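Visitor: can you look at this prediction? I've put the sequence above it.
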Amino acid sequence: MLNVDAALGKLLDSVEPVDGSEVVPVADALDRIAADDIAAPVDLPPFAASAMDGYAVAAAGFAGEPPHVVELIGESLAGHPSSVRVAGTNAVRIFTGATIPEGADAVVIQEDTRVDRGEVALLATPRRGDNVRPRGHDVVRGSPIARKGDRLDAYRLSWLTACGIDHVEVRRRVKVTVFSTGDELMDTGKPLGPGQIYDSNRFALARLMLDQPVDLTDLGCLPDSRDAIRAALEQAAGNADMVLTSGGVSVGDADYVRDIVEEIGRLEFYRIALKPGKPLAVGKIGDADFFGLPGNPISTIVTFLLFVIPALAVRSGGRHVPPLEFHAVLGENIGHSAGRREYQRGIAENADGGLIVRSTGDQSSNRLSTFDGANCLIRVPEERGDLAAGETVSIVLLRDRGRLF
Ligand code: AMP
Ligand code: MG
């Protein structure tokens with residue numbers, strides 16, 4: 001059995017980014033991967049602007065102790081620059097975001113002024129640069145505002161938009177094909193026969209990929225049939241960059257997936273010192289990355305988070321950034337036998353300047369209820385036996401959409 005870190009390293013070494021890119025409107029570029037570096041086409045802000053409401057002045061005109069009476073010669077509002085030139089003890093009434101008039105180099109905030117019967121006095125002596133956002137303060141024209149491989153999140157896209165960019169070149173989406181295997185599986189909306197259960201894995205995987213740059217093909221549920229699974233895998237590998245299956249990778253009589261991958265492709269590894277998720281089959285079929293995820297719903301989800309998401313990051317042309325680990329104090333004992341690293345679903349809370357974490361209860365890998373209220377995965381080290389309340393453990397946070405933080 002490979003340990004989790006070794007398995008992930010081996011996997012990531014074997015994944016190649018997809019070729020090809022397309023140009024899309026920034027409005028459609030969320031979560032896509034930048035295909036190239038992007039240089040700022042403008043200075044931002046494009047002109048020196050006031051950071052505050054107040055009075056724009058030329059600092060050199062003021063010496064000695066305040067108050068300084070000024071002569072008001074104009075007004076500059078956001079979107080309505082003033083055309084006057086400021087010199088000596090002139091001042092221009094100015095508002096946040098408005099252009100600093102020619103000649104001015106400081107803004108005295110209105111809280112530091114006194115207006116009395118039309119006469120304006122500065123109660124502070126202005127210094128050059130006070131409350132002025134210089135041109136190019138956020139970004140200087142020509143400097144990078146995205147780098148090849150960056151994931152385009154809402155923050156970066158906002159920055160691109162602020163620079164006037166309305167289209168962006170992104171890597172093409174990763175073509176992912178998914179199917180479930182199992183004679184017992186039934187689609188929702190139909191009544192269950194004896195011994196049947198609803199297929200939740202395909203549903204989970206599709207939801208967990210909503211914020212991934214993928215084009216998803218769903219081949220449905222397949223029976224535990226060697227021929228059906230083989231045909232589906234061959235078809236999938238011919239069309240997709242990545243193939244995800246669930247079920248049928250264990251050691252049962254009806255577990256064919258692994259054998260078939262060995263026949264038509266290559267298996268990199270299929271046993272990991274991980275709980276849940278020991279029988280995870282990883283390999284290649286043609287150019288497609290193959291993941292035979294274990295059938296138990298929690299095993300499917302955990303192996304997806306730990307292995308498929310990092311592989312997708314690389315395959316999509318981006319970078320895998322390991323999730324941040326936080327330290328938390330265990331609020332209860334956790335039973336564990338040494339050998340496999342375990343990820344328990346947990347609930348972390350703020351406590352005394354740190355975090356305290358408890359598991360969500362019985363962690364059996366069939367129990368989707370272990371995600372009820374969970375906001376993190378608690379990492380139980382492979383070499384450890386039982387953990388005691390009060391010990392410090394590492395946790396990784398689950399984001400709203402299910403990704404690891
Ligand atoms: P397997 O890996 O095929 O032996 O499946 C392990 C367990 O997961 C069995 O209890 C299956 O019934 C269950 N299982 C397999 N696939 C799914 C699925 N798509 N949705 C829900 N449970 C599943
Ligand atoms: Mg099965």
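Guide: The structure has been received and is ready for your questions. Ligands and ions are numbered 1, 2, ... in the order given.

Visitor: contacts and neighbour counts: CA atoms only from here.
Guide: Noted.

Visitor: list the buried residues for stretch 63-83?
Guide: Buried residues in stretch 63-83, counting neighbours by 16 or more other C-alpha atoms under 10 Å, are found at Pro67, His68, Val69, Val70, Glu71, Leu72, Gly74, Glu75, Ser76, Leu77, Pro81, Ser82.

Visitor: nearest to ligand 2, of the residues you listed?
Guide: Among those, Leu77 lies closest to ligand 2 (C-alpha to the ion), at 68.3 Å.

Visitor: hmm, back to that, quick one: which of the buried residues of stretch 63-83 sit in helices?
Guide: Using DSSP state H, no member of those sits in helices.

Visitor: and the two most separated of those residues?
Guide: Longest distance between any two of the buried residues of stretch 63-83 is 26.9 Å, between Pro67 and Pro81; criterion C-alpha to C-alpha.

Visitor: now the stretch 251-400 of the chain, which segments are flagged as low pLDDT?
Guide: Regions of the stretch 251-400 of the chain meeting the criterion pLDDT under 70 are absent.

Visitor: and the strands in it?
Guide: Here the stretch 251-400 of the chain has its strands, by DSSP state E, counting those that start in this stretch, at 266-269, 274-275, 281-285, 288-293, 325-330, 341-351, 354-359, 376-380, 392-397.

Visitor: contacting ligand 1 as well, which ones from the buried residues of stretch 63-83?
Guide: Applying C-alpha under 6 Å from any ligand atom, the subset of those adjacent to ligand 1 is empty.

Visitor: format those residues as JSON lines; extra columns: distance to ligand 2 and pLDDT.
Guide: Formatted as JSON lines, the buried residues of stretch 63-83 follow (distance: C-alpha to the ion, whole Å; pLDDT from 0 to 100):
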{"residue": "Pro67", "distance to ligand 2": "83", "pLDDT": "97"}
{"residue": "His68", "distance to ligand 2": "83", "pLDDT": "98"}
{"residue": "Val69", "distance to ligand 2": "85", "pLDDT": "98"}
{"residue": "Val70", "distance to ligand 2": "83", "pLDDT": "98"}
{"residue": "Glu71", "distance to ligand 2": "84", "pLDDT": "98"}
{"residue": "Leu72", "distance to ligand 2": "81", "pLDDT": "98"}
{"residue": "Gly74", "distance to ligand 2": "78", "pLDDT": "98"}
{"residue": "Glu75", "distance to ligand 2": "75", "pLDDT": "98"}
{"residue": "Ser76", "distance to ligand 2": "71", "pLDDT": "98"}
{"residue": "Leu77", "distance to ligand 2": "68", "pLDDT": "98"}
{"residue": "Pro81", "distance to ligand 2": "70", "pLDDT": "98"}
{"residue": "Ser82", "distance to ligand 2": "74", "pLDDT": "97"}
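
Visitor: and these, which is closest to Gly220?
Guide: Leu77 (59.7 Å).

Visitor: ok, the closest one touching Phe95?
Guide: Yes: applying C-alpha atoms under 8 Å, one finds Leu77 in contact with Phe95, separated by 5.4 Å.

Visitor: residue boundaries of the helices in the stretch 101-250 of the chain?
Guide: Applying DSSP state H, counting those that start in this stretch to the stretch 101-250 of the chain gives helices spanning 154-162, 201-208, 226-239.

Visitor: residue farthest from the centroid of the chain?
Guide: Arg117 (56.1 Å; C-alpha atoms, centre = their mean).

Visitor: got the residues of the stretch 151-300 of the chain near ligand 2?
Guide: Gly182, Gly247, Gly248 (C-alpha under 5 Å from the ion).

Visitor: and the closest residue to Val314 other than its chain neighbours, how far from ligand 1?
Guide: In space, and not counting its chain neighbours, Val314 is closest to Pro17: 5.7 Å by C-alpha to C-alpha, 6 or more residues apart in numbering. For Pro17, the distance to ligand 1 equals 28 Å [C-alpha to the nearest ligand atom, to the nearest Å].

Visitor: contacts only, for Pro17.
Guide: By C-alpha atoms under 8 Å, 6 or more residues apart in numbering, the residues touching Pro17 are Val314, Arg315, Ser316, Gly317, Gly318.

Visitor: which pLDDT does the model give it?
Guide: If you check Pro17, the pLDDT there is 98.

Visitor: now it. Its backbone dihedrals?
Guide: Main-chain dihedrals, Pro17, degrees, to the nearest 10: phi -70, psi 150.

Visitor: cool, Leu152 as well?
Guide: According to degrees, to the nearest 10, Leu152 has phi -90, psi 90.

Visitor: pull out the buried positions in stretch 326-339.
Guide: Neighbour-count burial for stretch 326-339 flags His327, Ala328, Val329, Leu330, Gly331, Ile334, His336, Gly339 (criterion: 16+ other C-alpha under 10 Å).

Visitor: what is the nearest of those to Glu262?
Guide: Proximity of the buried residues of stretch 326-339 to Glu262 (C-alpha to C-alpha) peaks at Gly339, which lies at 26.9 Å.

Visitor: next one: the closest residue to the closest one other than its chain neighbours from Gly317, what distance?
Guide: Spatially, and ignoring its direct neighbours in sequence, Gly339 is nearest to Glu382 (5.1 Å; C-alpha to C-alpha, 6+ apart). Using C-alpha to C-alpha, to the nearest Å, Glu382 is found at 32 Å from Gly317.

Visitor: higher neighbour count, those two?
Guide: The neighbour comparison of Glu382 against Gly317 (other C-alpha atoms under 10 Å) goes to Gly317, with 27 against 18.

Visitor: contacting residues around that one?
Guide: Contacts of Gly317 were listed using C-alpha under 8 Å, 6+ apart, and they are Pro17, Val18, Ile33, Ala35, Gly149, Arg171.

Visitor: what do you get if the cut-off is 6 Å, keeping everything else the same?
Guide: The neighbourhood of Gly317, defined by C-alpha atoms under 6 Å, 6 or more residues apart in numbering, consists of Pro17, Gly149.

Visitor: same thing with the one 5 residues further on?
Guide: Applying C-alpha under 6 Å, 6+ apart, one finds that Pro322 lies in contact with no residue.

Visitor: quick check, the residue in the stretch 1-150 of the chain closest to ligand 2?
Guide: Closest point on the stretch 1-150 of the chain to ligand 2, by C-alpha to the ion, is Met1, at 21.3 Å.
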